[in-house]
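**Q** After the sequence you'll find the predicted model.
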Amino acid sequence: SSSTHLLAPRAPLHRSFMAPPRSSCSGRVVGNGRRKVPMPLKFEMVEEDTMGRRDAMAAVAGVASLMLFQPAEAAEAKVTKKVFFEYKIAGRTKAMENEKWEKIIARDKRAGGATGEDRTARIVIGLYEDAAPNICKTFLKLVKGELIAPCMDEFEALGDPDAFAVSARSKLTKRNNYRQCKATEDKPVGYEYSQLWRVIKDKRLDFGRINKLYRQTENNNDANDLKHDRAGLVSTRKKGGQFEFTITPKANPALDEENIVFGEVLEGMEEIEMLNNIPVTQGQFLEAAFKMSGQVIGDDRAKIQTTNRPLQKIFVTKCGVL
């Protein structure tokens, strides 16, 4: 009789390796007396194309990891609103009419030229409202002259009334100035007649000095990753609380630690370059009028920051929103 071969059913095995075939140890006797050992069970392994699928899954995982962990490029700030400033650069002061003030006359002639003629400048600033919404909101109010800036806390403004190092005259002056601040704190303030008060060549031009002692803006929590990496960027101190703002005449990475960028100069970079090169005080002498004004208004900064002050009076004559 013919031998019977056992064939296992072809069942797909979802494995990536070949399983060893199983063999049967049983047999049966055939006609010649010899034991016929049946053929071993034959399994036809159906091996799926798992390598291709693994490659595809690895590629997807790689793309996902790149999208997840690759550092995102910094978004470019967009200008959403424009404002303008018109400045007057005084070339002649009353001091030039007094021949006894030789140092101040020489200073004015160096600053304004031999004729001492006045000049004007105009710059247009674009604001990044999306990158610094609170700062831009306050800045726009100052440009329009509509900011209500309350007086700071009395103790913060006047200091310790029992301080031994402060003279009685200085304490009285501060108290009178603070009373004036409280009497007018409901009136809005703005950038009109504010001054360019400090020029550090190739590093910063500080604008927005307002003669409103003890007034301050609200603090803000704006934050962005914009850097002071080129000329013409507009920034202000982080957390706010002041009117002043800074324009960079050149890239100045050192400002990244203390200032936050909220705009850029769109028109008038030639004026910024001109202001960057104007004569400033170098600390070799202090004008009596400057020292006296610091004592009268009780502004200690007028006594300390005696360098890098423009030798010309530079102030805003007109500003507004475009």
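**A** Done, it's in.
**Q** hey, let's count contacts and neighbours off CA atoms from now on
**A** Fine.
**Q** Secondary structure element holding Leu226?
**A** Assigned by DSSP states H and E, Leu226 belongs to neither a helix nor a strand.
**Q** for the stretch 201-322 of the chain, what spans make up the helices?
**A** 269-276, 288-297, 301-304 (DSSP state H, counting those that start in this stretch).
**Q** Check the gap between Ser194 and Lys88 for me.
**A** Separation of Ser194 from Lys88 (Cα to Cα, to the nearest Å) stands at 11 Å.
**Q** Can you pull the residues that touch both of these two?
**A** Phe315, Val316 (Cα atoms under 8 Å, 6 or more residues apart in numbering).
**Q** Okay, now the unreliable bits of the stretch 151-300 of the chain?
**A** Within the stretch 151-300 of the chain, the ranges that satisfy pLDDT under 70 run 164-166, 282-300.
**Q** mind listing the strands for it?
**A** Per DSSP state E, counting those that start in this stretch, the stretch 151-300 of the chain carries strands over the ranges 198-200, 204-207, 233-237, 245-247, 259-267.
**Q** of all those, which lies closest to Asn224?
**A** Proximity to Asn224, assessed across those by Cα to Cα, is greatest for strand 259-267 (7.2 Å).
**Q** What lies in contact with that closest one?
**A** Residues contacting strand 259-267 (Cα under 8 Å, 6+ apart): 79, 123-129, 131-132, 135-136, 223-224, 226-228, 232-238.
**Q** cool, and stretch 147-167?
**A** For stretch 147-167, contacts defined as Cα under 8 Å, 6+ apart pick out 138, 141, 171, 174-175, 178, 181-182, 185-190, 214-218.
**Q** Among these, which are located in helices?
**A** Thr138, Lys141, Lys171, Lys174, Arg175, Tyr178, Cys181, Lys182 (DSSP state H).
**Q** Neighbour count and distance to Glu117 added to the residues you listed, as a markdown table?
**A** Shown next, in a markdown table, are the ones in helices among the contacts of stretch 147-167 (neighbours: other Cα atoms under 10 Å; distance: Cα to Cα, whole Å):
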| residue | neighbour count | distance to Glu117 |
| --- | --- | --- |
| Thr138 | 19 | 35 |
| Lys141 | 18 | 32 |
| Lys171 | 18 | 41 |
| Lys174 | 22 | 37 |
| Arg175 | 17 | 40 |
| Tyr178 | 20 | 38 |
| Cys181 | 18 | 35 |
| Lys182 | 15 | 39 |
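**Q** With distance to Phe262 added, can I get these in TSV?
**A** Formatted as TSV, those follow (distance: Cα to Cα, whole Å):
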residue	distance to Phe262
Thr138	11
Lys141	15
Lys171	38
Lys174	34
Arg175	35
Tyr178	31
Cys181	29
Lys182	30
